[in-house]
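> Below are the sequence and a predicted model; questions follow.
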Amino acid sequence: MTIYLVSVATLLVVILLVGLARLIRGPSNADRMLAAQLFGTVGVGVLLLLAEAYSQAALLDAALTLALLAPMTLLAFIRLSGARQ
Amino acid sequence: MSALAFATVLLTAVGLFFYIAGVVGLLRFPNVYCRLHALTKADNLGLGMIALGLLLQVDSPFEGLRLLLIWILVMAASAFSCYLVANYVREGPGNDCD
Amino acid sequence: MIVIDVVLAIGVLALAWTSLSGENLFRSIVLFVSFGLLVTMVWARLGAVDVAIAEAAIGAGITGALLLACWRRLQASRPDPGGGAADVQ
């Protein structure tokens, strides 16, 4: 079971790296923020899988922190660049 | 392999499929709104299926509660942020392509 | 087991390189946030859970918001090259 869960986590990291193409290519800043948002979700998934695979419940706290704070960047982006002057 | 382990394998595989679908959509769809659509599928269903699959393997009920909390939190965050991004693209500075 | 370590190492190196070598400032900021995310996974894989929590909070949350605020200030202070919302290149 551990090997299976770590394999799923590995595949998730691989598709994160594939999704990097959208982040690099753009074309708009909103696209880049969307890619970063997807990376945040993938990161939470990987941390959950690693927590279960190595039975380290403390990694769930890291996933919780990530889930809470990953949208902060997006909120800052919307708040800062969406403000009409 | 017990039925529980089989269910975990099945659910995490479905979650992985949704993640892959989300990334493929992010790479292939033509504009921001379509990409937003693909992204929310990965957010809600991908992580949801993985959390559900791992829920069958937890040792203590507190751990399962934290898994559910993470899932609900990510769903709420993705709903809010996708609304904000769509609103930003529709009404904001608009064309910020480079 | 070692596959995930190799993939993470390649990913961290690729993200570090692309975030430092690009010309578009906004792209570099988003890449840096993603770099922090990957480093979180590296810490988790190394067994340093507390560091992973700190990295998740600082790298993915605070630094991104601060850098974006900085980017916004830079954009506002530059002479506008026509058309309200051009990127800082």
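Arrived safely.
> mind checking which helix or strand of chain C has the lowest mean pLDDT?
Of all helical and strand segments in chain C, the minimum by mean pLDDT, DSSP states H and E falls on helix C:63-77, at a mean of 86.
> Quickly check: it near chain B or not.
No. Against chain B, helix C:63-77 shows no contacts by C-beta under 8 Å from any C-beta of the partner chain, the least distance being 10.6 Å. For every residue, glycine as well, the C-beta is placed using N, CA and C.
> list the helices and strands that helix packs on?
On a contact count with 3 or more C-beta pairs under 8 Å, 6 or more residues apart in numbering or on different chains; DSSP states H and E, helix C:63-77 meets helix A:58-81, helix C:25-46.
> Let me know which of these is the nearest to residue B:61.
Nearest to residue B:61, of all the helices and strands packed on helix C:63-77, is helix A:58-81, at 13.2 Å by C-beta to C-beta.
> How about that closest one and chain B, any contact?
Yes. With C-beta under 8 Å from any C-beta as the measure, helix A:58-81 is seen reaching chain B through A:60, A:61, A:63, A:64, A:67, A:68, A:70, A:71, A:74, A:75, A:78, A:81.
> which of the residues in the least confident helix or strand of chain C are buried?
C:63, C:64, C:65, C:67, C:68, C:71, C:72, C:75 (16 or more other C-beta atoms under 10 Å in any protein chain shown).
> repeat for stretch C:41-48
Buried positions in stretch C:41-48, judged by neighbour count with 16+ other C-beta under 10 Å: C:41, C:42, C:43, C:44, C:45.
> Show the pLDDT at residue B:68.
For residue B:68, the pLDDT comes out at 91.
> If we ignore the residues flanking it in sequence, what's nearest the spatially most central residue of chain C?
Among the residues of chain C, the one closest to the centroid is residue C:32, at 1.3 Å (C-alpha atoms, centre = their mean). Ranked by C-beta to C-beta, 6 or more residues apart in numbering or on different chains and with sequence neighbours excluded, the top spatial neighbour of residue C:32 is residue C:19, at 4.8 Å.
> quick one: the one you found and residue C:28 touch, right?
Yes. With contact defined as C-beta atoms under 8 Å, residue C:19 reaches residue C:28; the gap is 5.0 Å.
> thinking again about what came up before, export the residues of helix A:58-81 next to chain B to TSV and tack on pLDDT and distance to residue B:36?
What follows is the residues of helix A:58-81 next to chain B, written out as TSV (pLDDT from 0 to 100; distance: C-beta to C-beta, whole Å):
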residue	pLDDT	distance to residue B:36
A:60	90	28
A:61	89	30
A:63	90	24
A:64	90	25
A:67	89	19
A:68	89	22
A:70	85	16
A:71	86	14
A:74	87	12
A:75	86	16
A:78	84	13
A:81	72	17
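> PyMOL command for the buried members of those residues?
Here is the PyMOL command that selects the buried residues among the residues of helix A:58-81 next to chain B (16+ other C-beta under 10 Å):
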select buried, chain A and resi 60+61+63+64+67+68+70+71+74+75+78+81
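> Now stretch C:14-23: buried residues?
For stretch C:14-23, the neighbour count (16+ other C-beta under 10 Å) marks C:15, C:18, C:19 as buried.
> So which of those belong to helices?
Judged by DSSP state H, helices contain the following of these: C:15, C:18, C:19.
> So the helix or strand harbouring residue A:46, near chain B or not?
Element membership for residue A:46, per DSSP states H and E: helix A:29-53. Yes. Helix A:29-53 comes into contact with chain B (C-beta under 8 Å from any C-beta), by way of A:29-31, A:33-35, A:37-38, A:41-42, A:44-45, A:48-49, A:52.
> So which residues make contact with the least confident helix or strand of chain C?
A:36, A:72-73, A:75-77, A:80-81, C:25-26, C:29-30, C:32-33, C:36, C:88 (C-beta atoms under 8 Å, 6 or more residues apart in numbering or on different chains).
> thinking again about what came up before, packing partners of the helix holding residue A:46?
Short answer (3+ C-beta pairs under 8 Å, 6+ apart): helix A:29-53 packs on helix A:2-25, helix A:58-81, helix B:3-28, helix B:32-41, helix B:47-55, helix B:61-91, helix C:25-46.
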